[in-house]
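A.B. asks: Fold the following for me, if possible:
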Amino acid sequence: MIKILKTIILSRLTKPKEELEVLIKRRICKGCEYNSLNAEKIELKKRVLIWFSDFYSTITGNKEEDSLGNCLACSSCSIYYKSLYEDHCPHPIENKWKII
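C.D. replies: Residues are numbered from 1 along each chain as shown. Below is the predicted model of the structure:
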């Protein structure tokens, strides 16, 4: 859990350019059943991580950008930041996107 919190904190320190690949990943994630915005139930551990991620985005002034939900296929990482820094979808079966 410390590693996840460290990732959340470090991801907010840079603001890279938005590229077409990033926008495509976000569009795919928006409708995904593992997006926290689409989930009916979220386990407590993931709700805590989502709350911390949202709180940190608020205090760093990134709340408007970070409004895409969180990925429940991994450790509830912000989809906004995951789409910037990850090279593949964390879904263990479907792997909905990857950088070519």
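A.B. asks: where does the chain have low pLDDT?
C.D. replies: 11-18, 87, 99-100 (pLDDT under 70).
A.B. asks: Could I get the full set of strands for it?
C.D. replies: 70-71, 77-78 (DSSP state E).
A.B. asks: gap between the closest residue to residue 29 other than its chain neighbours and residue 26?
C.D. replies: Closest residue to residue 29 apart from its sequence neighbours, by CB to CB, 6 or more residues apart in numbering: residue 79 at 4.7 Å. C-beta here means a position set from N, CA and C on the backbone, and glycine is covered the same way. Using CB to CB, to the nearest Å, residue 79 is found at 7 Å from residue 26.
A.B. asks: so what's in contact with those two at the same time?
C.D. replies: residue 68 (CB atoms under 8 Å, 6 or more residues apart in numbering).
A.B. asks: Same drill for those two, tell me which one is more crowded.
C.D. replies: Counted by other CB atoms under 10 Å, residue 79 and residue 26 do not tie: residue 79 has more neighbours, with 24 against 17.
A.B. asks: residue ranges for the helices of this structure, please.
C.D. replies: Here the chain has its helices, by DSSP state H, at 2-11, 20-30, 44-59, 79-85.
A.B. asks: ok now stretch 35-55, how far from the chain's centre?
C.D. replies: Distance of stretch 35-55 from its chain centroid, counting by CA atoms, centre = their mean, to the nearest Å, is 11 Å.
A.B. asks: how about it: buried residues?
C.D. replies: 35, 36, 46, 49, 50, 52, 53 (16 or more other CB atoms under 10 Å).
A.B. asks: Dig out what the first one forms beta bridges with.
C.D. replies: Going by DSSP bridges, residue 35 is paired in beta bridges with residue 71.
A.B. asks: distance of it from residue 10?
C.D. replies: Taking CB to CB, one finds residue 35 at 22 Å from residue 10.
A.B. asks: got it, and residue 46?
C.D. replies: From residue 46 to residue 10 the distance is 20 Å (CB to CB).
A.B. asks: Check residue 63 too.
C.D. replies: In terms of CB to CB, residue 63 sits 18 Å off from residue 10.
A.B. asks: same check, this time on residue 91
C.D. replies: 23 Å.
A.B. asks: Then residue 93?
C.D. replies: In terms of CB to CB, residue 93 sits 28 Å off from residue 10.
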